[in-house]
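> the sequence and its predicted three-dimensional model are supplied below.
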Amino acid sequence: NTPLSAAAALYAVFATEETTLAPTGAFNHSRIVWHGDHVEHWLNGVKVVDADVGSERWNAAKARSKFAKVADFAAQPGHVVLQDHGGEVWYRSIRIRELTDEEPRSLLPGPGLAGWIPVGGAEWRREGADIVGSVGGGLARNAFLRTEREYGDFVFEVDLHVEQAGNSGIQFRAHQREDGRVFGYQAEIDCSARAWSGGIYDVARRGWLCDLKENPAGREAFRVDDWNHYRIEAVGDRLRVWVNGVPTADLVDDADASGFFALQVHGGQTGEFRWRNPRLREL
């Protein structure tokens, strides 16, 4: 066997990133996730293949493979097939969960801020398809506008404009303690020169989980004086964020499988933010 044909590889295209194969005679647990153009293979709880169909990396690997001239290689939809290659192999507990492609729905379906709960002392108002949050006369601590409902796997999108510079963020899979403190994952909105917008911060718990120190393209994606598009995707324990189409965070973390969304206005003397058309596609 070569690395491209070893167990768990994406055959002839990508070798495994890490070997976690159980000894001969023992069962292995295989999990394949195919969502849109993104494909992952998890073997015994460890991600061993991670690729995006049609990306430069994918096209280069395909061009080197035996499938270089196969025009419909990895085309969708397709079959799930179990292969016999001359030896004896056992399969058990075969199951599938389809990820739907429903159209996203608005998180502002009713009048005013129905479906949302203010937490803290920020000023919140609804203007058409927009939610505007402001520190008002100043905030001693962070404030939030959170959804009543909790969500698990999803794609969340919103357009954001900074009306007055400050610090903010978008909470997802978040929770609230008995004292009212909101905690959990946050997609950062950073107007400072540091420019870590789109990173993932764990509010009131562990701090930075995925910053932008080594992501110069991500640091350049956010525009302080213009509209910005945020996309947050949570599928299982994989969390990803894009700002204006640029990947800014990609994290595997299993601290929270579900929770609410919340828009943050950070404590301080300045800061006003406008979120337009928050929408969600549940997976």
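Everything's here; your move.
> can you give me the helices for the stretch 101-250 of the chain?
216-219 (DSSP state H, counting those that start in this stretch).
> okay, and for it, where does confidence drop off?
In the predicted model of the stretch 101-250 of the chain, residues 101-102 satisfy pLDDT under 70.
> report all helices and strands that the helix ranked longest in the chain contacts.
Ordering each helix of the chain by length in residues (DSSP state H) puts helix 56-64 first. Packing partners of helix 56-64 (3 or more CB pairs under 8 Å, 6 or more residues apart in numbering; DSSP states H and E): strand 46-52. Heads up, the C-betas are built off the backbone N, CA and C, glycines and all.
> tell me the strands beside the strand it packs on, with direction?
Neighbouring strands of strand 46-52 in its sheet, by DSSP bridges, are strand 38-43 (antiparallel).
> quick one on the thing from earlier: what does the average pLDDT come to for the longest helix of the chain?
Taken as a whole, helix 56-64 has an average pLDDT of 93.
> swap in stretch 256-265?
Across stretch 256-265, the average pLDDT comes to 96.
> C-alpha coordinates for it, PDB please?
Presented in PDB, the C-alpha positions along stretch 256-265 are these (Å, rounded to 0.1, in the frame of the first residue of the first chain):
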ATOM      1  CA  ASP A 256     -21.400  22.900  23.500                       C
ATOM      2  CA  ALA A 257     -23.600  21.000  21.100                       C
ATOM      3  CA  SER A 258     -26.400  23.600  21.100                       C
ATOM      4  CA  GLY A 259     -27.400  26.900  22.600                       C
ATOM      5  CA  PHE A 260     -28.800  30.300  21.700                       C
ATOM      6  CA  PHE A 261     -27.600  33.100  19.500                       C
ATOM      7  CA  ALA A 262     -26.900  36.500  21.000                       C
ATOM      8  CA  LEU A 263     -25.700  39.900  19.600                       C
ATOM      9  CA  GLN A 264     -23.200  41.500  21.900                       C
ATOM     10  CA  VAL A 265     -22.600  45.200  22.800                       C
END
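> go ahead and measure how far that stretch is from the middle of the chain.
Offset of stretch 256-265 from its chain centre (CA atoms, centre = their mean, to the nearest Å): 13 Å.
> picking that back up, the longest helix of the chain: how far from the chain's middle?
Its chain's C-alpha centre and that of helix 56-64 lie 25 Å apart, by CA atoms, centre = their mean.
> what does stretch 156-170 give?
Put simply, stretch 156-170 sits 17 Å off its chain's centre (CA atoms, centre = their mean).
> likewise for stretch 80-91?
On CA atoms, centre = their mean, the centre of stretch 80-91 falls 34 Å from the chain's centre.
> gap between the two ends of that stretch?
13 Å (CA to CA, to the nearest Å).
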